[in-house]
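In: Mind folding the following:
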Amino acid sequence: MSDAAVLDDHLPEVPAEVVDEIAMWRRIVGNADPENDIHDLLRNAAAALFAIRKKAADSIVAQAIVDGLADMAIVAGIDENDAGLIFYEAEAELLRLPSTERANGHALDEPPPALGPDDYGASAEAPPTPPEPLRFIDIAAWHGEPAPEREWAVRDRVPLKNVTLLSGEGGVGKSILALHLAAATTLGRDWLGALPMPGPALVLCCEDDEHELRRRLDQIVQHYGTSHAELSKGMHMLSLAGQDAVMAAPDKRGLIMPTPLFARLRQAARDIRPRLIVIDNSADVYAGNENDRAQVRQFVTLLRGIAIDANAGLLLTSHPSLTGISSGSGLSGSTAWNASVRSRLYFKRAKTEKDEEPDPDLRVLELMKSNYGPTGEMITLRWKAGLFLPVASTGGLDKLAAEQRAEHLFLKLLALFAGQGRNTSEKPNAPTYAPTLFAKESDARELGIRKADFEGAMRRLFAADKIYLEPFGPPSKGRSRLAGRT
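Out: Sure thing, here's the model as predicted:
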């Protein structure tokens with residue numbers, strides 16, 4: 001839908017050419033090179049739009065122009081008072097008012113004062129500033145030059161200068177996963193079998209307070225064998241839990257506009273120049289309609305502007321809908337979420353083809369989309385010591401489910417035998433060898449769990465310290481039996 005069509009739904013009196021002019025200047029200001037003088041650019045926009053307002057002499061047009069300029073000031077990150085002065089100077093120059101007239105308090109949302117021909121001089125109409133010409137790519141300059149290598153925050157997973165969506169249902173652990181990546185980026189350490197491009201990280205947390213973040217970072221610091229002081233050298237973290245964290249919201253015309261918080265985060269990104277920006281969670285920072293394709297696209301475009309400014313990869317977390325969970329897409333709302341980002345990751349609970357959950361501590365991270373690399377990567381992770389870490393086993397989820405069933409039944413039968421006063425041994429040649437006895441039980445036969453399966457389960461349970469050898473009888477006999485940890 002065009003800018004004119006969106007505006008016409010709310011303000012039918014505003015001509016389409018006025019809407020297009022406002023939209024053009026908004027794009028110019030929003031995409032301005034940081035090295036340019038943004039104040040001069042905003043002054044040019046004001047001069048051009050005030051000339052249109054003066055010619056139209058219409059209060060509806062005047063209000064639309066004032067609103068548009070206010071939006072541009074927010075996009076540019078310019079203080080309200082400074083913006084007001086810029087706009088007034090532009091209008092004063094257009095109307096050829098002497099500088100002393102500025103003290104009269106002329107408001108931007110009021111029509112221009114009625115001045116006579118002598119006040120305007122020979123030319124009563126100041127021509128609008130022409131739009132900045134389009135900058136076409138100089139393709140000829142590429143001749144004989146190697147193409148630049150694609151840059152990644154995490155190779156094949158999180159590209160630089162782009163937005164990556166990390167979705168996952170509530171409580172699955174995506175915030176921990178994102179925080180882990182931010183720390184790995186800062187420390188130059190591995191993350192799920194990959195080495196992120198080292199550099200600073202900027203993390204905006206909207207769901208977890210400072211105490212919760214501290215608890216999680218403690219586990220990360222311990223995992224990497226480092227210190228909080230070392231991590232603080234490059235990690236810039238902000239918690240807005242319980243606060244207004246909206247970064248973009250629709251205006252009365254339905255256009256997604258940045259808030260002052262957006263401008264502050266964009267400036268922080270320009271100053272810090274992080275390699276990774278994490279925004280957790282989209283539900284907190286986006287106040288638009290998640291089902292509106294145009295609004296979603298505008299929001300992601302705003303975020304990409306931050307990523308481009310900072311030369312960073314931007315990771316945005318989100319929650320999937322019930323349909324997104326059941327279908328396995330991991331999405332919620334408009335398909336524009338998937339179409340607008342360049343990479344998308346889905347973090348979910350590990351389940352078999354029979355929809356079994358082999359282990360509540362298992363997760364799967366799946367690369368659902370990558371415009372610049374291979375897709376379909378699936379990483380099985382296990383919750384361990386406060387983090388999700390890659391599982392060494394490569395047998396697949398069905399194998400893990402079978403192993404989980406064998407371990408569960410081993411512990412159940414061990415407790416049953418102990419309650420009956422029947423001792424079991426870990427020694428293969430003993431008549432009370434646990435795997436041999438357990439494989440004869442009806443529960444094992446019904447589930448198809450064999451002696452070899454119980455032997456593997458016993459090894460894993462010993463390694464996990466869930467079973468142990470308990471001494472019994474006279475010490476001189478040196479007898480022991482299997483026992484489970486309570």
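
In: Just give the nearest non-adjacent residue to Ser483, would you?
Out: Just so we're on the same page, residue 483 is Ala rather than Ser. Glu470 (3.8 Å; Cβ to Cβ, 6 or more residues apart in numbering). Placement of C-beta: from N, CA and C, glycine included.

In: can you pull the buried residues of the helix or strand hosting the one you found?
Out: Following DSSP states H and E, one finds Glu470 within strand 467-472. Buried residues in strand 467-472, counted by 16 or more other Cβ atoms under 10 Å: Ile467.

In: For that strand, output the C-alpha coordinates as CSV.
Out: Output in CSV follows, covering the C-alpha atoms of strand 467-472 (Å, rounded to 0.1, in the frame of the first residue of the first chain):
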residue,chain,number,x,y,z
ILE,A,467,23.5,-44.9,40.4
TYR,A,468,26.4,-46.1,42.6
LEU,A,469,27.7,-49.2,44.4
GLU,A,470,26.5,-49.4,48.0
PRO,A,471,28.4,-51.6,50.5
PHE,A,472,26.3,-54.1,52.5
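
In: need the helices for the stretch 251-400 of the chain, in chain order.
Out: 260-272, 282-285, 293-310, 322-327, 336-340, 397-419 (DSSP state H, counting those that start in this stretch).

In: helices and strands around the fifth one, which ones?
Out: Contacts defined by 3 or more Cβ pairs under 8 Å, 6 or more residues apart in numbering; DSSP states H and E place helix 336-340 against strand 162-167, helix 293-310.

In: Adding distance to Leu447, write those out as TSV.
Out: Output for those, formatted as TSV (distance: least, Cβ to Cβ, whole Å):
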stretch	distance to Leu447
strand 162-167	35
helix 293-310	47
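
In: Looking at these, spot the one closest to Asp40.
Out: When the helices and strands packed on helix 336-340 are compared by Cβ to Cβ, helix 293-310 sits nearest Asp40, at 19.0 Å.

In: excluding its backbone neighbours, what's nearest Leu400?
Out: Counting by Cβ to Cβ, 6+ apart, the residue nearest Leu400 is Pro358, at 4.4 Å.

In: Pull the number of nearby residues for that neighbour.
Out: 19 (other Cβ atoms under 10 Å).

In: domain assignment for the protein?
Out: 3-120, 152-392, 399-484 (automatic domain parsing).

In: In this protein, spot the strand with the most residues.
Out: strand 362-370 (DSSP state E).

In: For it, buried residues please.
Out: Applying 16+ other Cβ under 10 Å to strand 362-370 flags Leu362, Arg363, Val364, Leu365, Glu366, Leu367, Met368, Ser370 as buried.

In: What's the separation between Leu381 and Glu357?
Out: Look at Leu381 and Glu357: by Cβ to Cβ, to the nearest Å, they are 14 Å apart.

In: List the contacts of Ser167.
Out: Applying Cβ atoms under 8 Å, 6 or more residues apart in numbering to Ser167 gives the contacts 174, 317-320, 324, 330-332, 344-347.

In: Enumerate the beta-bridge partners assigned to it.
Out: Ser318, Tyr346 (DSSP bridges).

In: related to what we said a few turns ago, make JSON lines out of the helices of the stretch 251-400 of the chain and add distance to Arg450.
Out: Below are the helices of the stretch 251-400 of the chain laid out as JSON lines (distance: least, Cβ to Cβ, whole Å):
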{"stretch": "helix 260-272", "distance to Arg450": "58"}
{"stretch": "helix 282-285", "distance to Arg450": "48"}
{"stretch": "helix 293-310", "distance to Arg450": "53"}
{"stretch": "helix 322-327", "distance to Arg450": "35"}
{"stretch": "helix 336-340", "distance to Arg450": "45"}
{"stretch": "helix 397-419", "distance to Arg450": "9"}
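
In: quick one on the thing from earlier: ok, Leu381 and Glu357, which is more surrounded?
Out: Set Leu381 next to Glu357 and count neighbours by other Cβ under 10 Å: Leu381 wins out with 20 against 13.

In: The residue nearest to the more buried one when sequence neighbours are not counted and Leu179, how far apart?
Out: In this structure, Leu381 finds its nearest non-sequential neighbour in Phe388, 4.0 Å apart by Cβ to Cβ, 6+ apart. Distance from Phe388 to Leu179, counting by Cβ to Cβ: 11 Å.

In: And Gln219, by the same measure?
Out: Distance of Gln219 to Leu179, given as Cβ to Cβ: 10 Å.

In: Would you mind telling me which of the two has more residues around it?
Out: Leu179 (24 against 17).

In: so what does the helix or strand encompassing that one touch, helix or strand wise?
Out: Taking DSSP H and E as the definition, Leu179 sits inside helix 174-187. Using 3+ Cβ pairs under 8 Å, 6+ apart, the elements in contact with helix 174-187 are strand 162-167, strand 201-205, helix 210-224, helix 228-232, strand 235-239, strand 276-280, strand 313-318, strand 387-390.

In: And these: which comes nearest Phe417?
Out: strand 387-390 (34.0 Å).

In: Tell me the buried residues in that closest one?
Out: Buried, per 16+ other Cβ under 10 Å, within strand 387-390: Leu387, Phe388.

In: Show me the contact partners of that strand.
Out: Under the contact criterion Cβ under 8 Å, 6+ apart, strand 387-390 has outside partners 173, 176-177, 180, 192-193, 219-220, 223, 363, 379-382.

In: my read: the residue nearest to Leu400 touches Val364, true?
Out: No. The pair Pro358 / Val364 is not scored as a contact, 11.1 Å apart, by Cβ atoms under 8 Å.

In: Flag the shaky bits of the stretch 351-486 of the chain, pLDDT-wise.
Out: Residues of the stretch 351-486 of the chain that meet the criterion pLDDT under 70 lie in 353, 392-398.

In: likewise the chain?
Out: For the chain (pLDDT under 70), the answer is 1-13, 33-37, 57, 88-128, 353, 392-398.

In: and if we set it to 80?
Out: Applying pLDDT under 80 to the chain flags the ranges 1-18, 20, 28, 30-41, 47-48, 50-66, 79-129, 352-359, 392-401, 486.
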